[in-house]
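Enquirer: Sequence first, predicted model second:
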Amino acid sequence: MKRIYVIEDLCNGCRLCETFCSSLPQGVFSGQPERICVIKVPGEEKDIPLVHCDGRCVRSIFDDGRPTCVGLCPTGSLYYAEHKTAVEARHLYEAARKEHSIFKFIAPWKWPFPWRRPGEEKARSPMDELV
Amino acid sequence: MKKLQLRYVAVTYPITGKLNEEVETSARTLRELIAELDCKYGGFLEMFINGQTGELNLNTMIYYGEDKRVPVAVLDIDQPISHGARITFW
Amino acid sequence: MKIRSNSDQRILRVNLSDRRISTETLPREWTSTYLGCRGVNARLLYDEVKKGTDPFGEENTLYIGTGPMDGLPVGMGRLSIACKSPRGTVAEGSAGGFFGPELRRAGYDYVAISGKSENPVYLSIEDDKVEIRDAGHLWGLTTYETDAALRRDIPDPDTQLRYIGPAAENLVHASVIMGNLNSCGGRAGCGEVMGSKKLKAIAVRGSGGIKPHDYDAFVEAYKVFRQRVDIRTSRDMWSPVWTTYGAPVLARLFTDIGNLMTRNAAEMSWDYDKATAIGCENFLDNYAYKSKSCFCCPTPSCQKLYSIPSGKYRGFKGGNYWAGQPITFGSIIDNGSIDLLLVLSGLCNQFGLDIFHIGFTLSWAMECFENGLITTADTDGIEMRFGAFDEDALVDLMGKTARREGFGELLAMGCSEAAKIIGKGSDKYCLTVKGQELEAIAERNLLMVALGVAVSEVGPDHTRWYPPYPCNPSLISREELQSLGIDLDLKLAFDTRNPEEKGKLLRWFTISRAIVESMPSCVFLVRDTLGFDMRPWWKLFISATGVELSYEEFIKSGERLMNLDRLFNVREGFGRKDDRVPYRMSHEDVLNFGYKKIDDTVLNKMLDEYYTANGWDLNTTVPSKEKLHELGIHDVRHELNTNGVEAGS
């Protein structure tokens, strides 16, 4: 079963997720989140998405079944996967951010260009899964 | 063989792992140089050359400069390259 | 939860002299005529701040505005901050963050602050509850300290804040209004005006929701827009780089192509190793640790927080290392230390100083010093030499400038005023237009930029025409452009060192970016074809607001704003004589790159084309009667006439 996973360090606090989520039931964009909200720690140091959702939107804005929040997240902080894939993705993220500093700010699965995976010699295509 | 100064900026950095290098090459055009770099690093052909049109990908840029000529943005991937050229990939 | 419609706009008026607070709803037709945000601010400013108003007087009003798109996921939290500048021109600047949506949720689109308080105060807005509160405990604090103190006063973490630092309190030239720690705006004079009113901060919390007129149509329009700007799908070479590695990417490229202002722009290329040291790769590898964003921005990492890992500045934290600082604290003063650069930049944020004012005034001072026009007697003993200065002294200067102490008093005036004090021809080293320092983009090989800097009513402000490049020509044909009402020879327009077509190109860029800033949304999202094909923006606006507005009228709203800004300035006595480039740009070639100076022949050609395309008088730059009628703002003619200004013919 797929569910929404969170990488807190990648969250940039944009609030696209909670803003759009709040609008899905009645078409009103509010600051009162429905199933996801972003906690901002004072001092702007940390942004933490708190998810209380199974990933099945009231009505997703996407036709392919992606949860709205996951599809909109610009950094890949939210991803929607089966448990096994989610664990692999997390391992990849942790290894990739040590190898390439850009992955401190964006998930490898959101990166639109070829890149060299950790432990490999040559760069390969961008990832398509989990986007 | 030609000596070239290559610069790798931003989005090419996770491919090459370096910012600059001097290379010796027999490539006659940018397209051939990109093919050589693809053999060395992987990813260059896919990054820069559109698979359908064969032209430069719209979300990438290459600057080409020679001694005494200000570098300019490349429009034609088949343009010749000269010894001593400075080429920036991003 | 109170739900706001998007077709009406409300203004909260606060008079700090008599403490009167009132609200009003703006005429509904303003939403289709001026859109919102910057457009409405321009009309309010023109109508309410009359000719000759003392910028630091009670009658000067500070407008902080958002608009119908904010609170929706396209507004990006954009604000327009406007007033009359201490330099006499219109002052308007935009800022991002989260204040705008919160203001809209509280039920307001604009806050208009007039009068002056005797003692420091801050404004608290919580839905209908609006209070003017004592800010004695905040006065003198840095912006970071102010943020922390207000968070103790108002514990709700979703309260949004805007505040000034010590620089604006002390009326330092070009001081800014900050928020969300590192988001800034209003460098054209708004910070000083806020400081003159003794208004330290504004806090807002709103509980309402915002309903677009047609939600489904809005979502469909959003998806089109998102595709144009998302880094995975945008057909724009700047999109992915800009919003991941960030704007400091320019340092290495610009130094290669002669675009990097170095040593007070006496040179246009820098040492490549120094450019690399301050570049984005080093910054990401060793300093940046977290992305930050504005409200609902679809890009991953426009802003970043950073920390200095080692050395004498170890532990120093800051944010928003962007396009300006590689020049202002890098090449323009010949500083190759990224540590020092990040500290100076961070201190500017904390003191509320404008980085362009500081960087270009420091470089002016260095050139003056190296040419013997000032000595250590003027500089508190600091040897002001390019690339060879005492780092700690420079760091101290930030605080001294904010507090107007010692040498800081001269720097606090800004380059142009400081040059009047020093004399001896030091004004030739000023990189200013209309008394305001330049920004990061070079002029002598980008003539459209030169023209944009010259004519901008607020002084140099790249956001008025950003981005200054075309979309890929394969994406949009000349015929399609003409069908959109854009008649440009694009090849000629983008021949960067040819003055032909630059006036018409700038006109289009100014109009289209004015529209984006009035919706509001962010000009950094003008990517792919969105700078030429405005239909995706139009569809977002009409689906959000429900106003009846044709595409042609949507475009006209941008032109209307452009003319209102110009009208404000001509009423104050500004004209063609003030639309200039800095002395260096008009008198010195860039020898090793072959870029020619922008002499009067070149500038005048571009100005003539720009004014003619706009329907403005070639000498006075007053819009013609026909233009005012066409734009539906001919009501200004009587008021212009009574101020001795005739509309052109």
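Expert: That came through fine.
Enquirer: wait, what's in contact with C:R464?
Expert: C:R464 makes contacts with C:452, C:456, C:458, C:509-510, C:513-514, as judged by Cβ atoms under 8 Å, 6 or more residues apart in numbering or on different chains. Any C-beta I mention is one placed from the backbone N, CA and C, and that applies to glycine too.
Enquirer: Now intersect these with the helices, please.
Expert: Among the contacts of C:R464, the members falling in helices (DSSP state H) are C:452, C:509-510, C:513-514.
Enquirer: And the lowest mean pLDDT element among the helices and strands of chain B?
Expert: strand B:69-73 (a mean of 87; mean pLDDT, DSSP states H and E).
Enquirer: which two from the contacts of C:R464 end up farthest apart in space?
Expert: Largest separation among the contacts of C:R464 by Cβ to Cβ: C:V458 and C:F509, giving 15.4 Å.
Enquirer: Over to C:L12. Which of the three states is it?
Expert: strand (DSSP: H, G, I helix; E, B strand; the rest coil).
Enquirer: Pull up the gap between it and C:R28, please.
Expert: Look at C:L12 and C:R28: by Cβ to Cβ, to the nearest Å, they are 18 Å apart.
Enquirer: what do you get for C:W242?
Expert: The gap separating C:W242 from C:R28 is 37 Å, by Cβ to Cβ.
Enquirer: can you pull the contacts of C:L373?
Expert: C:422, C:424-426.
Enquirer: Filter these down to the buried ones and hand me the PyMOL line.
Expert: To isolate the buried members of those in PyMOL, using 16 or more other Cβ atoms under 10 Å in any protein chain shown:
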select buried, chain C and resi 422+426
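Enquirer: Which members of the contacts of C:L373 occur in helices, if any?
Expert: Per DSSP H, these map to helices at C:I422.
Enquirer: Just flag the most distant two among the contacts of C:L373.
Expert: C:I422 and C:G425 (9.2 Å).
Enquirer: Could you point out the helix or strand that follows the longest helix anywhere in chain B?
Expert: The single longest helix within chain B, with elements called by DSSP H, is helix B:30-41. Once helix B:30-41 ends, the next helix or strand along the chain (criterion: DSSP states H and E) is helix B:44-48.
Enquirer: what packs against that following helix?
Expert: Other helices and strands packing on helix B:44-48, by 3 or more Cβ pairs under 8 Å, 6 or more residues apart in numbering or on different chains; DSSP states H and E, are helix B:30-41.
Enquirer: tell me what the helix it packs on is packed against?
Expert: By 3+ Cβ pairs under 8 Å, 6+ apart, helix B:30-41 packs against helix B:44-48.
Enquirer: if we go to 10 Å?
Expert: strand B:2-8, helix B:13-16, strand B:20-25, helix B:44-48, strand B:62-66, strand B:86-89 (3 or more Cβ pairs under 10 Å, 6 or more residues apart in numbering or on different chains; DSSP states H and E).
Enquirer: residues making contact with the fifth one?
Expert: Meaning strand B:62-66. B:5, B:7, B:9, B:12, B:30, B:33-34, B:48, B:56, B:70-77, B:79-90, C:237, C:253, C:256-257 (Cβ atoms under 10 Å, 6 or more residues apart in numbering or on different chains).
Enquirer: just the third one next, same as before
Expert: Contact with strand B:20-25 is made by B:1-9, B:32-33, B:36-37, B:40, B:81, B:83, B:86-88, C:252, C:272-273, C:276, as judged by Cβ under 10 Å, 6+ apart.
Enquirer: before we move on, what about the first one?
Expert: Strand B:2-8 has contacts (Cβ under 10 Å, 6+ apart) with B:12, B:14-28, B:33, B:37, B:41, B:63, B:65, B:71, B:81-90, C:252-253, C:256, C:272, C:276, C:281.
Enquirer: That strand pairs with which strands, and in what direction?
Expert: strand B:20-25 (antiparallel), strand B:86-89 (parallel) (DSSP bridges).
Enquirer: Output the last one as PDB, nothing but the C-alphas.
Expert: Looking back up the chat, that one is strand B:86-89. Taking Å, rounded to 0.1, in the frame of the first residue of the first chain, the C-alpha atoms of strand B:86-89 are listed here in PDB:
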ATOM      1  CA  ARG B  86      37.100  28.200 -23.600                       C
ATOM      2  CA  ILE B  87      33.800  26.400 -23.400                       C
ATOM      3  CA  THR B  88      31.300  26.700 -20.500                       C
ATOM      4  CA  PHE B  89      28.700  24.100 -20.000                       C
END
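Enquirer: Fine by me, thanks again.
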